[in-house]
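>>> could you look at this predicted model? Sequence included:
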Amino acid sequence: MRKIVVSTFLIGTISLFAFDYNLEPKKINQNTWCFLGKLEAPSKKNGGFMSNHCFVNTGKNYVLIDAGGTYEIARQAYEEMSKISKLPVHTVILTHEHDDHWLGASYYKEKFNSKLIGTSLINKNYTLDSKTRMFKTLSKDEIKNTKIIKVEKEITEPTIIKVDNTEFQIIPVGVKAHTSEDLFVYIPSNKTIFSSDLVMNGRITSNRDGSVIGELKAVKMMNEMDYENLIPGHGHDTSKNAINETKQYFTLLKQRVMKAVEDDIGVGEVTKVVKMEEFKDKALFEQLNKRNVFDAYGELEFYEEE
Ligand SMILES: [Zn+2]
């Protein structure tokens, strides 16, 4: 056992080249593939590959939904894309401001001068020298070449873009949900929803910047659409059922926290009363669930059903 550990360590150190992500795109339908990240928080071990991003072949181009968490992830992702078809990346749609989803856009900007469109919060909340979570967490090698980018077209209302003959509907939730401004994307021609972090599966979400009520609204909006596949922001289920875990989590979280408020449970006690045990085997449960319950209490304490 010890021998194996030592040799793996040596290989790790000897390789002065870039961290190898071993990216393998998963085919979703005839023109869409996704890189599905690990169900973990970002770390030096996973090199920041812990979110999902997707590419769509529109005929003569690729359009990406999110861009991965670093320049190097994006560079290696494009190597895999070019094995399928060597097309330029025309547009990158950035769904929300969390950096694990968009720092990779710096690669596509540099290599293809891709058009970067999406949430306005990237422009509002970051400057070119912002040191975001990825910069603080990853090794120098892993974060190398990564830069903060500017979104060239901010999407703040429902927008349709067409690249070659493929239509993309970009839909803002309109209220705080996973963050204060989340977009999801729908392609009518292949009935695919890219939910961004509004949906996760296989792991617990982090609702630190979000809202229970907004999440439930977003889930409802997507549920009412005609789709065959739904790609979560994190998680490996990309089927029609991919939304179920998130729907159940926020529905139960709301019910139970509101019941706790009714029962005069104090904020200090709420995480002991509302446990969300159905989800205890999901990744990141220990790290994130209590905080979600605690935050939900703050949100719902004076909430009145409309
Ligand atoms: Zn996020």
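That came through, no problem.
>>> the residue nearest to Asn190 when sequence neighbours are not counted: neighbouring residues, count only.
Nearest residue to Asn190 in three dimensions, chain neighbours excluded: Asn29, at 4.7 Å (Cβ to Cβ, 6 or more residues apart in numbering). The C-beta positions use only the backbone N, C-alpha and C, and glycine is treated the same way. Using other Cβ atoms under 10 Å, Asn29 has 15 neighbouring residues.
>>> now do Asn57
With other Cβ under 10 Å as criterion, Asn57 counts 18.
>>> for the nearest residue to it once chain neighbours are set aside, what are its contacts?
In this structure, Asn57 finds its nearest non-sequential neighbour in Asn31, 4.5 Å apart by Cβ to Cβ, 6+ apart. Going by Cβ atoms under 8 Å, 6 or more residues apart in numbering, Asn31 touches Val56, Asn57, Thr58, Thr166, Asn190.
>>> circling back: partner residues bridging the residue nearest to Asn190?
Note on Asn29: beta-bridge partners by DSSP bridges are Thr32.
>>> so it versus the ion, what's the distance?
24 Å (Cβ to the ion, to the nearest Å).
>>> I'd say that residue and Ser189 touch.
No - using Cβ atoms under 8 Å, Asn29 is not in contact with Ser189; the gap is 9.6 Å.
>>> what sits in contact with each of the two?
Counting by Cβ under 8 Å, 6+ apart, nothing touches both Asn29 and Ser189.
>>> describe which strands whichever strand or helix holds Phe184 pairs with in its sheet and in which direction.
For Phe184, the element it lies in under DSSP states H and E is strand 183-187. Strand pairing for strand 183-187, determined by DSSP bridges: strand 166-172 (antiparallel), strand 192-200 (antiparallel).
>>> off-centre distance for the shortest one?
So the one you mean is strand 166-172. 17 Å (Cα atoms, centre = their mean, to the nearest Å).
>>> list the buried residues in that strand.
Thr166, Phe168, Ile170, Ile171, Pro172 (16 or more other Cβ atoms under 10 Å).
>>> repeat for stretch 136-146
Thr137, Leu138, Glu142, Ile143, Thr146.
>>> with stretch 181-195 instead?
Glu181, Asp182, Leu183, Phe184, Val185, Tyr186, Ile187, Asn190, Thr192, Ile193, Phe194, Ser195.
>>> show me the two of those that sit farthest apart.
Glu181 and Asn190 (25.8 Å; Cβ to Cβ).
>>> what residues does the chain put near the ion?
His98, Asp197 (Cβ under 5 Å from the ion).
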